[in-house]
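Here's a sequence, model it:
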Amino acid sequence: MAARIAPITLDDVEGFHAALDGVARERRFLASFEAPPLDAARAFVEANLHEGNPQFVAHEGDRIVGWCDIKRSVRPVHTHCGVLGMGVVADRRGAGIGRALLRATLAAARAAGLRRVELDVRARNGSAIALYERMGFRHEGRKVAAYYVDGVFDDLLIMGLVWPEEGAAG
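Numbering: from 1, shown residues only. Predicted coordinates for the structure are as follows:
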C-alpha cells in the first residue's frame, strides 16, 4: 500500500504520537527515548497549525507511519529559518516515505517564506544523511560525542538547506 502524504490535522495527533513513540523507543534516531505525553504532542501540533509551520504525516490506511515538520524560529533575526524533525516507523523504512514527506514539507516551508531549514542528525544514521544530501542539505558542522546512548558515543551532524532570495548577499 502506498502511503498518502497530507498536512497533519488534529485528528492525526494520536497516530502521530504513536509513530513518534515507536521511533523514539528504538533509541537510535531521536534525542528522546519516548514520545512526550499525548497532551504535549497535541499542543505541539496545535501550535504548528496556529503558527503555520509545515507538518505532514504519511497515512497507510488508518495508521500514521511517518511525519515531518519544520518549526519556524521565533527569534526576530531567525524568522526566515526553521528546524526540521522527521521519522518513519521501522517496518516502513526504505519505501520512499521519508523522501515524500521531506519533499512535501520543504515545498510548504518554501511557500511559507522560509529561506533556511536546518537539522541535527546522528552520524551513525547513514540512510537519513544520504536522504538529506539528496534533497540538497549541506554539512555545516559536527559536534563530537554529542550523544551517549547505551554506552556508545555518537557525533551529531549539523546540516542546512538554504534557498537564497534573489539579490541576497551570498
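
can you give me the helices in the chain?
Assigned by DSSP state H, the chain shows helices spanning 13-25, 38-51, 97-111, 126-134.

quick check: angle from the third one to helix 126-134?
Spelled out, it's helix 97-111. Counting by axes from the mean of the first three to the mean of the last three CA atoms, to 10 degrees, helix 97-111 lies at 40 degrees to helix 126-134.

Now do the buried residues in helix 97-111.
Buried residues in helix 97-111, defined by neighbour count with 16 or more other CB atoms under 10 Å: 97-98, 100-102, 104-106, 108-109. Every C-beta, even on glycine, is put in place using the N, C-alpha and C of the backbone.

what's the answer for the last one, then?
With burial defined by 16+ other CB under 10 Å, the residues of helix 126-134 counted as buried are 128-129, 131-132.

just the residues you listed now: which is nearest G82?
Set against G82, the nearest of those by CB to CB is Y132 (14.3 Å).

Identify the residue spatially nearest to I70, adjacent ones excluded.
Closest residue in space to I70, ignoring its immediate chain neighbours: G82 at 4.0 Å, by CB to CB, 6 or more residues apart in numbering.

For that neighbour, give me its contacts.
53-54, 70-73, 109, 114, 116-118 (CB atoms under 8 Å, 6 or more residues apart in numbering).

Out of those residues, which one has the weakest pLDDT?
In terms of pLDDT, the lowest of the contacts of G82 is S73, showing 92.

Restricting to C-alpha, output stretch 6-19 in PDB.
Provided in PDB are the C-alpha atoms of stretch 6-19 (Å, rounded to 0.1, in the frame of the first residue of the first chain):
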ATOM      1  CA  ALA A   6      -1.000  15.000   3.800                       C
ATOM      2  CA  PRO A   7      -0.800  18.000   6.100                       C
ATOM      3  CA  ILE A   8      -1.400  17.000   9.700                       C
ATOM      4  CA  THR A   9      -4.800  17.600  11.300                       C
ATOM      5  CA  LEU A  10      -5.900  17.400  14.900                       C
ATOM      6  CA  ASP A  11      -7.500  14.000  14.100                       C
ATOM      7  CA  ASP A  12      -3.900  12.700  13.400                       C
ATOM      8  CA  VAL A  13      -2.500  13.500  16.800                       C
ATOM      9  CA  GLU A  14      -2.900  10.100  18.400                       C
ATOM     10  CA  GLY A  15      -1.400   8.400  15.300                       C
ATOM     11  CA  PHE A  16       1.500  10.900  15.100                       C
ATOM     12  CA  HIS A  17       2.100  10.300  18.800                       C
ATOM     13  CA  ALA A  18       2.200   6.500  18.300                       C
ATOM     14  CA  ALA A  19       4.600   6.800  15.400                       C
END
